[in-house]
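> need the 3D shape of this:
(3 chains)
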Amino acid sequence: MKREPKLLRRAFFNRDPRIVSPELLGKLIVRSDGRKKIAGRIVEVEAYLGADDLAAHAAAGRTARNAVLWGPPGHAYIYFIYGVHYCLNVSCLPDGEAGGILIRALEPVSGIREMAKARELADLDPTMPHELRKLTSGPGRLAEALSITRPRDNGKDMVAAESDLQVMDDGYKVEEVAVTPRIGITKSAELPLRYVIAGNAFVSGKPQRLKPDFKKQR
DNA sequence: GAGGAGATCGTCT
DNA sequence: GACGATCTCCTCT
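Numbers count the residues shown, from 1 in each chain, chains lettered A, B, ... in the order given. As a prediction, the model looks like this:
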């Protein structure tokens, strides 16, 4: 099933975020740190649109802060929030049109020790599922785990071969996508623009109660 | 287990 | 000068 990860093409992101979001689930975010690869599988995203979407940073028009959202597709838009956290988005749509996808949660795939160190959870036990969740189950958490910051990564091309922050496809197939309203916003809060891999344990928020018929996934 | 508050700063009004 | 696409810790039940 899975194969050697391949870089996504820019054309993948040159579409409406609502189209790209569900397809982005199951792909890998890969941080190259020297020889080390730190990777996580995308299990939760939110689409943010342009002027019509009041919750989007692009809604107020183009500013120095959100310029990446208006630029070419496949680039990293990193913003700083609550004076504490960074969050990672990938720009969508062609140069001149605003749109992006917030990466809200990852399932750790490789470099778990490095993630734990970056999160200052050095004594975390990677064999305990509820401990692993603390690494990347939330936008602020995953940015910290991958050492993503605005000064370092904003505007970075995520589909360039030489980039140290990339989006890749290893052939993983998502079985079921669930769609819900977005989290933590007040404007346009009713729009169903949050996409998650149904039943995945690394989705942010309170751990989902597993249904009795839930088949443990591999 | 649930709920609330504090942290802390860039960005825009 | 206000506030935000969040997380953690603390208190109360």
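> going by C-alpha atoms from here, please, whenever you check contacts or count neighbours.
OK.
> what about the helix or strand harbouring A:Glu46 and DNA strand C, touching?
For A:Glu46, the element it lies in under DSSP states H and E is strand A:36-48. Yes. Strand A:36-48 reaches DNA strand C (Cα under 7 Å from any atom of the strand) through A:Tyr48.
> now do the SS call for A:Lys134.
At A:Lys134, secondary structure determined by DSSP: H, G, I helix; E, B strand; the rest coil is helix.
> tally of neighbours for it?
18 (other Cα atoms under 10 Å).
> against DNA strand C, how distant is the residue lying closest to A:Val177 once chain neighbours are set aside?
Leaving aside its sequence neighbours, A:Val177 sits nearest to A:Ile197 (Cα to Cα, 6 or more residues apart in numbering; 4.8 Å). To DNA strand C, A:Ile197 is 17 Å away according to Cα to the nearest atom of the strand, to the nearest Å.
> each with direction, which strands does the helix or strand where A:Tyr86 lies pair with?
Per DSSP H and E, A:Tyr86 falls inside strand A:85-91. Looking at strand A:85-91 with DSSP bridges, its partner strands are strand A:76-81 (antiparallel), strand A:100-110 (antiparallel).
> name the residues that touch the helix or strand following the longest one?
Beyond strand A:100-110 in the direction of the C-terminus, DSSP H and E gives the next helix or strand as helix A:112-118. Helix A:112-118 is contacted from outside by A:38, A:122-124, A:126, A:135, A:144-147, using Cα atoms under 8 Å, 6 or more residues apart in numbering.
> what residue in chain A comes nearest to DNA strand B?
The minimum distance from chain A to DNA strand B, using Cα to the nearest atom of the strand, falls at A:Gly83 (3.4 Å).
> so what's the residue count around A:Arg152?
For A:Arg152, using other Cα under 10 Å, the count is 10.
> so stretch A:119-130, near DNA strand B or not?
No. Figure legend: stretch A:119-130 not in contact with DNA strand B (Cα under 7 Å from any atom of the strand); closest approach 11.6 Å.
> average pLDDT for that stretch?
Averaged over stretch A:119-130, pLDDT sits at 89.
> buried sites along that stretch?
Residues A:119, A:121, A:124 are the ones in stretch A:119-130 that count as buried (16 or more other Cα atoms under 10 Å).
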